[in-house]
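1. let me see the structure of the following:
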Amino acid sequence: MMTQTAQINLEKALKDEIFARKVLEMQDLGDVQAAFKTKNVDLTIEEIQQIGDAVKKVAAKKQENPGAELSLDQLEEVAGGGITMTIICCVAAVMAVGMTVGGLLGISW
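-> Presented below is the predicted three-dimensional model:
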């Protein structure tokens with residue numbers, strides 16, 4: 001479980017468009033983990049994979065219905081129910097940076 005400070009730092013990091021794009025383009029989980037550490041966010045590889053999986057699922061849902069906004073309930077449903085509110089907020093932050101759905105579906109982690 002993340003501390004509240006870690007959650008805030010994670011959300012801030014992903015709201016930074018340049019940082020979010022850089023991280024989403026990375027291929028190696030270790031590189032992603034190191035990048036987050038520069039923003040004072042210590043994530044496990046498992047947490048990084050959860051974020052990546054959630055982003056891909058949300059992007060796929062958006063691709064099915066491009067004009068629709070996803071509600072918090074829909075984000076939870078897409079994420080499979082086992083994901084924390086922090087990660088849901090992170091997914092929303094990543095989606096807000098304006099990357100194309102195709103770009104989000106193509107992340108490798």
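
2. tell me which element Leu14 falls in.
-> Assigned by DSSP states H and E, Leu14 belongs to helix 4-15.

3. how far away is Ala20 from Gly67?
-> 23 Å (Cβ to Cβ, to the nearest Å). Where C-beta positions appear, they are placed from N, C-alpha and C, glycine not excepted.

4. of the two, which one has the most company?
-> Ala20 (20 against 5; other Cβ atoms under 10 Å).

5. pLDDT below threshold where in this structure?
-> Applying pLDDT under 70 to the chain flags residues 1-2, 68, 70, 72, 74-109.

6. same thing but 90
-> Applying pLDDT under 90 to the chain picks out residues 1-27, 43, 46-109.

7. and the longest helix for it?
-> Taking DSSP state H as the criterion, the chain has its longest helix at helix 45-64.

8. what packs against that one?
-> helix 29-37, helix 72-79, helix 85-96, helix 101-105 (3 or more Cβ pairs under 8 Å, 6 or more residues apart in numbering; DSSP states H and E).

9. repeat that with 10 Å
-> Packed against helix 45-64, as judged by 3 or more Cβ pairs under 10 Å, 6 or more residues apart in numbering; DSSP states H and E, are the following elements: helix 4-15, helix 17-25, helix 29-37, helix 72-79, helix 85-96, helix 101-105.

10. could you export stretch 13-23 as CSV, CA atoms only?
-> The C-alpha trace of stretch 13-23 is given here as CSV (Å, rounded to 0.1, in the frame of the first residue of the first chain):
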residue,chain,number,x,y,z
ALA,A,13,4.4,12.9,-11.9
LEU,A,14,1.8,11.6,-14.3
LYS,A,15,0.2,15.0,-14.7
ASP,A,16,3.6,16.3,-16.0
GLU,A,17,3.0,15.8,-19.7
ILE,A,18,6.6,15.6,-20.7
PHE,A,19,7.4,13.1,-18.0
ALA,A,20,4.3,11.0,-18.7
ARG,A,21,5.1,10.8,-22.4
LYS,A,22,8.7,9.9,-21.7
VAL,A,23,7.7,7.1,-19.3
